[in-house]
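**Q** using only what follows, build the 3D model:
(chains A and B)
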Amino acid sequence: DIQMTQSPSSLSASVGDRVTITCRASQSISNYLNWYQQKPGKAPKLLIYTTSSLQSGVPSRFSGSGSGTDFTLTISSLQPEDFATYFCQQTYSTPTFGPGTKVDIK
Amino acid sequence: EVQLLESGGGLVQPGGSLRLSCAASGFTFSSYAMSWLRQAPRKGLEWVSTISGSGAGTYYADSVKGRFTISRDNSENTLYLQMSSLRAEDTALYYCAKRPTLSGFGDPFDVWGQGTMVTVSS
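**A** Got it, this is the predicted structure:
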């Protein structure tokens, strides 16, 4: 299976900050990379699919980029409702997820 | 509104069986592949199984192959996961999720249910 890693594992940020999360695949996955947001006690929510496509209803402050093995999720201006854990996931082959990045309040 | 509602979780002894259900509404169920995923307590997410929209194609993670069976009833808009020979490491919150195409290949999981908890313990 393709292994996914994320960095950092956690970060503290303030409302209004620009936040960037990195995801790396153990082999090339083309653009088959998705990002999810999960809040405590809730199911994951799809934010971005195929690297950079914004899921319907997701605010435009979320964006994704990358290709091959290296990808990023950027939140341009962090809002109070964005404090959550973010997972990357590849669907190039058997789906696998990164371990998550927890974004909390500084 | 697209909704997925899981049920059937509970406490089961090692070696036991359990069947999970996922009732779907708000979309044409038979037109989309469906999946089961799980999340062990304070752990990451793991894909478990996917079934195509027609039900003809089924796919499993190596960790559950031969023990779990995914199926669907398109007339009842319901997805199932039959779990047998359960182990302690199967303890997790089980989610059903929709994929945005008939086959599911290469697709994200675009709608998730709220999950049903399975605990395997003596």
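**Q** for the lowest-mean-pLDDT helix or strand in chain A, packing partners?
**A** Lowest by mean pLDDT, DSSP states H and E among the helices and strands of chain A is strand A:101-105, with a mean of 94. Where contact means 3 or more CB pairs under 8 Å, 6 or more residues apart in numbering or on different chains; DSSP states H and E, strand A:101-105 is packed against strand A:10-13, strand A:19-25, strand A:85-90. Quick note: C-beta positions are derived from backbone N, CA and C, even for glycine.
**Q** could you give the angle of the longest one to strand A:85-90?
**A** Think strand A:19-25. Inter-element angle recorded for strand A:19-25 and strand A:85-90: 30 degrees (by axes from the mean of the first three to the mean of the last three CA atoms, to 10 degrees).
**Q** pretty sure B:E1 contacts B:F27?
**A** No. B:E1 is beyond contact range of B:F27, at 9.4 Å (criterion: CB atoms under 8 Å).
**Q** between these two, point out the one with more neighbours.
**A** Shown here are B:E1 and B:F27; by other CB atoms under 10 Å in any protein chain shown, B:F27 has more neighbours (15 against 5).
**Q** so how far is B:N77 from the more buried one?
**A** Going from B:F27 to B:N77 by CB to CB, to the nearest Å gives 9 Å.
**Q** one step back: what strands line up against the least confident helix or strand of chain A, and which way round?
**A** strand A:10-13 (parallel), strand A:85-90 (antiparallel) (DSSP bridges).
**Q** need the residues of chain B near chain A, please.
**A** For chain B, the contact set with chain A under CB under 8 Å from any CB of the partner chain comprises B:44-47, B:61, B:95, B:105-115.
**Q** which of these fall within strands?
**A** Among the residues of chain B next to chain A, DSSP state E puts B:45-47, B:95, B:111-112 in strands.
**Q** just the buried subset of those, written out for PyMOL, thanks.
**A** A single PyMOL command selects the buried members of those (16 or more other CB atoms under 10 Å in any protein chain shown):
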select buried, chain B and resi 45+46+47+95+111+112
